[in-house]
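Chemist: got a sequence here, can you build the structure:
(chains A, B, C and D)
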Protein chains: 2
Amino acid sequence: MKRGGTISNQELLAWPIFAISAGVLSLQHLLEDGRKSIAALFMPGDIIDMRGLTGRNRGQLIALSKITLCRLSPAAFEATVEDNPEAQRIAWNNLRGQTYRAMDHAADLAKKQAVEKLASFLFECTNRKLDQGPRDQVHIPIRRIDLADYLGMQPETVSRCFKYLEDRKIIAFQGISNLNILDIPTLRRIANGDKQTENLRNTNDNTFKAIANT
Amino acid sequence: MKRGGTISNQELLAWPIFAISAGVLSLQHLLEDGRKSIAALFMPGDIIDMRGLTGRNRGQLIALSKITLCRLSPAAFEATVEDNPEAQRIAWNNLRGQTYRAMDHAADLAKKQAVEKLASFLFECTNRKLDQGPRDQVHIPIRRIDLADYLGMQPETVSRCFKYLEDRKIIAFQGISNLNILDIPTLRRIANGDKQTENLRNTNDNTFKAIANT
DNA sequence: CGACGTGTTGAAGTCCCTCAAGCCTGGTGG
DNA sequence: CCACCAGGCTTGAGGGACTTCAACACGTCG
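Modeler: Sure thing, here's the model as predicted:
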């Protein structure tokens, strides 16, 4: 499936359960006036069970990159889960992971500023990647526009916040979708909403003002 | 358990799984500088499985009202779920409901304005209440402060938005925690972010200005 | 090459937050 | 029974962070 492709409701009725093999899939909500928001990101290994949810106002499943997915028939899924405790445990834990990730994400959106949300997202990326590579290298698997919709901000703000972190030598870009975290502790503090860090970051400006006032 | 009571990490290690019988439980995240946000609300019937999540930075479980809950031992839970397909289905569907509710909530927080978020919350209340009473009567089971933390706004803004809806005869309060929805279609449009509604609502002001200008 | 979509800057506006004060309600004790 | 108190809710003015709008770079694909 190509980027931008959607899974239609008819397909969902026929195959409401599937798993992601590769790529990034999104659950998008569209408001009346065109505002778009991405409610969740599904990545390889995630199991999606939309039984009984197709008709509702739950939004659409849209691919954010080229994806491959593995369809499961509800009957086969139920049978597997009932017979195989191991499979059941995997499915349960995956769904549980999705739940708490969505709740964490909601908390991030609720009371965090733009830079803080971006910092949290970078950690979410490092936590979710399957291959256990170096923890300071991050690959951003989606476009800036989609990232903005996921974090509840504008593409412009995303750009400005990345620049903000880059200027302060906290991250360094390698191309458009890869970056290194140069200062993990500071980024962590920002993600946790530590205003102390904010003060540190503003030190230069403050001394500037202080000098100007003398 | 009284309002304000928390479930400690030690208790969670001993009893990581439980179900809510009555009351409202919240999952709260606390930022370094004191900002608080409520990541999720758990209501009667919800099953909470925190296995393996206690140590992490997942926040705390805090009661928002007097609650009673039913502890389950992991072993017993697993055994029940493996033996009884019906129980398994109930647990799975409950967790699935929590997941999609959290995702919807995240989408609401991402790209909605204050009044729109409040309207969505009112519908979430009507959808979640167990007794199938009249659909236009809503009981708000939590305080304004907690509602603000859940919706990512300030208590003041919550108050202002309620007044806004009340002034326009869209809702009518019966006491502090009960209200009637007088105009369900309009409230629905607001919840869906329809700017047309916004224009309708502003009509009076506009004519006012127009007259004032002539 | 030119067109398109995406990402980045810059200035003006708006919604919400912050702070401060007043009001109301429910619980407590005399 | 009523005064009192404390916590929560409401209201008002001022400031800040993000959005909006517009224009410009950049890479890709036809």
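Chemist: bridged to the residue nearest the centre of chain A, which residues?
Modeler: Among the residues of chain A, the one closest to the centroid is A:Leu41, at 5.4 Å (CA atoms, centre = their mean). Beta bridges link A:Leu41 to A:Ser26 when assigned by DSSP bridges.
Chemist: what residues does chain A have near DNA strand C?
Modeler: Where chain A comes near DNA strand C, counting by CB under 7 Å from any atom of the strand, the residues are A:Arg143, A:Arg144, A:Ile145, A:Pro155, A:Glu156, A:Val158, A:Ser159, A:Arg160, A:Phe162, A:Lys163, A:Ile176. From N, CA and C alone the C-beta is placed, and that goes for glycine too.
Chemist: from these, which is closest to DNA strand D?
Modeler: Looking at the residues of chain A next to DNA strand C and their distance to DNA strand D, the nearest is A:Glu156, at 4.2 Å (CB to the nearest atom of the strand).
Chemist: how about the helices of chain A, start to end?
Modeler: With DSSP state H as the criterion, chain A has helices at A:9-14, A:74-83, A:85-111, A:114-128, A:144-151, A:155-167, A:184-191, A:195-213.
Chemist: got the CA coordinates for the shortest one in PDB?
Modeler: Extracted as PDB, the C-alpha positions of helix A:9-14 are listed here (Å, rounded to 0.1, in the frame of the first residue of the first chain):
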ATOM      1  CA  ASN A   9     -14.900   1.000   5.400                       C
ATOM      2  CA  GLN A  10     -15.900  -1.800   3.100                       C
ATOM      3  CA  GLU A  11     -12.500  -3.400   3.500                       C
ATOM      4  CA  LEU A  12     -12.700  -3.000   7.200                       C
ATOM      5  CA  LEU A  13     -16.000  -4.700   7.400                       C
ATOM      6  CA  ALA A  14     -14.600  -7.600   5.500                       C
END
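Chemist: domain-wise, how is chain A divided?
Modeler: Structural domains of chain A, as assigned by automatic domain parsing, span the residue ranges A:1-111, A:112-214.
Chemist: give me the pLDDT value at the residue nearest to the centre of chain A.
Modeler: With respect to pLDDT, A:Leu41 scores 97.
Chemist: same question for A:Gly34.
Modeler: At A:Gly34, the pLDDT value in this model is 87.
Chemist: show me which residues of chain A sit near DNA strand D.
Modeler: Residues of chain A found near DNA strand D, taking CB under 7 Å from any atom of the strand as the criterion, are A:Gln113, A:Ala114, A:Val115, A:Gly152, A:Met153, A:Gln154, A:Glu156, A:Thr157, A:Arg160.
Chemist: closest to A:Ala63 out of these?
Modeler: A:Gly152 (20.9 Å; CB to CB).
Chemist: looking at chain A, which helix or strand is least sure?
Modeler: Comparing every helix and strand of chain A by mean pLDDT, DSSP states H and E singles out helix A:195-213 as the least confident one, with a mean of 45.
Chemist: so where's chain A shaky on pLDDT?
Modeler: Screening chain A residue by residue with the criterion pLDDT under 70, one finds the ranges A:54-57, A:196-214.
Chemist: kindly recompute the last result at 50.
Modeler: Low-confidence segments of chain A (pLDDT under 50): A:200-214.
Chemist: distance of A:Phe121 from chain B?
Modeler: Remark: distance between A:Phe121 and chain B (CB to the nearest CB, to the nearest Å) = 12 Å.
Chemist: swap that for A:His29, please
Modeler: Remark: distance between A:His29 and chain B (CB to the nearest CB) = 4 Å.
Chemist: does that residue touch A:Lys36 like I think?
Modeler: Yes. Using CB atoms under 8 Å as the test, A:His29 is close enough to A:Lys36 to be in contact (7.3 Å).
Chemist: now for those two: what residues contact both?
Modeler: Residues within reach of A:His29 and of A:Lys36 at once, by CB atoms under 8 Å, 6 or more residues apart in numbering or on different chains, are B:Lys111.
Chemist: neighbour count for these two, which is higher?
Modeler: A:His29 (24 against 17; other CB atoms under 10 Å in any protein chain shown).
Chemist: quick one, what contacts the more buried one?
Modeler: Taking CB under 8 Å, 6+ apart, we find A:His29 in contact with A:Lys36, A:Ser37, A:Ile38, A:Ala39, A:Gly59, B:Asp104, B:Ala107, B:Lys111.
Chemist: from these, which is closest to B:Val81?
Modeler: Looking across the contacts of A:His29 and measuring by CB to CB, the closest to B:Val81 is B:Asp104, at 26.0 Å.
Chemist: ok, the residue lying closest to the closest one once chain neighbours are set aside - contacts?
Modeler: Once flanking residues are discounted, B:Asp104 sits nearest to A:Ala39: 6.4 Å by CB to CB, 6 or more residues apart in numbering or on different chains. Listed by CB under 8 Å, 6+ apart, the contact partners of A:Ala39 are A:Ser26, A:Leu27, A:Gln28, A:His29, A:Gly59, A:Ala102, B:Met103, B:Asp104, B:Ala106, B:Ala107, B:Ala110.
Chemist: the last one reaches A:Asp146, doesn't it?
Modeler: No. Using CB under 8 Å, B:Ala110 and A:Asp146 do not qualify as a contacting pair, with a distance of 12.0 Å.
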